[in-house]
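Peer 1: I'd like to go over a predicted model; first the sequence, then the structure.
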Amino acid sequence: MVEPILTKISEAMKNGDAGQTQILTKTAISLGISPCVIIQQILEPTMEQIGERFRRDEVFIPDVLLSSRAMHASLYVLKPLLSKSATSGKGKVVLGTVAGDLHDIGKNMVGMLLEGGGYEVVDIGIDVPVSEFVAAVIKHKPDILGISAALTTTMGKIFEVISELKEQNLRNDLLVIVGGAPISQAFAQKVGADGYCANGGKVVDLLDSLHHIHRNHKNSWHR
């Protein structure tokens, strides 16, 4: 049955068992379960649950690190499959986590889901200064910039990145999406982002919608 194998992947992650998580992921794929389903329905919500347990002092940093390692073991199996299934031509996305923030789990999942959804993804990493976000936009000329912040203390960096992009006249033809645990729709609007997604599993739908509107706007502008 499909459901039990997904539950077993989640349990293996919670137990920090990377080997078992990887084996179960391969089994799920062999049963015909899509990589996107595994990421959206199991990996992402399981890590959210572990993060919440950590905030309640029910688990500790070593437990979280083991679970994260198990999740990456699953992603190691899934990433090549997502890349194979991707179609080209939707657009290029640059992703990064702001300076002072070392969180990459959510960003990595979003990147793989976007690749699976047909986008070209350039991941510039974690702890990225404002100047490096700007340099990446100049170098890669993306259609979309994704900025992540997982801490309340680093949220302000998103505003700094967007402000600098405006200052250097790089904002007009660039869509900016934001995400991370403390980010909200209200915050996204306040800093001038084009989109926000609370659930990484919906990021492809969000970008498809934003990109379609943006392209139509540009076409009508040039007519």
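Peer 2: Good, I have the coordinates.

Peer 1: What residues does S131 make contact with?
Peer 2: E164 (CB atoms under 8 Å, 6 or more residues apart in numbering). Every C-beta, even on glycine, is put in place using the N, C-alpha and C of the backbone.

Peer 1: mind listing the helices for the protein?
Peer 2: Using DSSP state H, the helices of the chain run over 2-14, 18-30, 35-38, 44-55, 61-85, 105-116, 130-140, 156-167, 185-191, 203-222.

Peer 1: Just the angle for the second one relative to helix 2-14, thanks.
Peer 2: Going by axes from the mean of the first three to the mean of the last three CA atoms, to 10 degrees, helix 18-30 is angled at 160 degrees with respect to helix 2-14.

Peer 1: Pick the most buried one from the helices of the chain.
Peer 2: With neighbours defined as mean count of other CB atoms under 10 Å, those peak in mean count at helix 105-116, which reaches a mean of 22.

Peer 1: and it, what does it pack onto?
Peer 2: Helix 105-116 sits against helix 35-38, helix 44-55, helix 61-85, strand 92-97, strand 120-123, strand 144-148, helix 203-222, with contacts defined as 3 or more CB pairs under 8 Å, 6 or more residues apart in numbering; DSSP states H and E.

Peer 1: can you redo these as CSV with distance to Q189 and mean pLDDT?
Peer 2: Putting the helices and strands packed on helix 105-116 into CSV (distance: least, CB to CB, whole Å; pLDDT from 0 to 100) gives the following:
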stretch, distance to Q189, mean pLDDT
helix 35-38, 28, 89
helix 44-55, 24, 86
helix 61-85, 31, 86
strand 92-97, 21, 96
strand 120-123, 25, 92
strand 144-148, 14, 96
helix 203-222, 14, 67
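
Peer 1: Please tabulate the ones you listed in TSV and include distance to A135 as additional columns.
Peer 2: Below are the helices and strands packed on helix 105-116 laid out as TSV (distance: least, CB to CB, whole Å):
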stretch	distance to A135
helix 35-38	31
helix 44-55	30
helix 61-85	26
strand 92-97	10
strand 120-123	12
strand 144-148	12
helix 203-222	22
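
Peer 1: Looking at these, spot the one closest to K190.
Peer 2: strand 144-148 (13.8 Å; CB to CB).

Peer 1: Residues contacting that closest one, please?
Peer 2: 91-98, 101, 103, 106-107, 110, 119, 133, 136-137, 158, 161-162, 165, 174-180, 193, 207, 210-211.

Peer 1: and if you look at stretch 108-115?
Peer 2: For stretch 108-115, contacts defined as CB under 8 Å, 6+ apart pick out 35-36, 39-40, 43-44, 75, 78-79, 82-83, 86, 93, 95, 121, 123, 146, 148, 179, 200-201, 203-204, 207.

Peer 1: what about 6 Å?
Peer 2: Under the contact criterion CB atoms under 6 Å, 6 or more residues apart in numbering, stretch 108-115 has outside partners 39, 44, 79, 82-83, 86, 93, 95, 121, 123, 200, 203-204.

Peer 1: Check stretch 178-198 too.
Peer 2: Contact with stretch 178-198 is made by 147-150, 152, 155, 158-159, 162, 175-177, 203, 206, 210, as judged by CB under 6 Å, 6+ apart.

Peer 1: before we move on, the earlier item: quick one, which of the helices and strands packed on helix 105-116 is nearest to L24?
Peer 2: Proximity to L24 (CB to CB) singles out helix 61-85 among the helices and strands packed on helix 105-116, at 8.0 Å.
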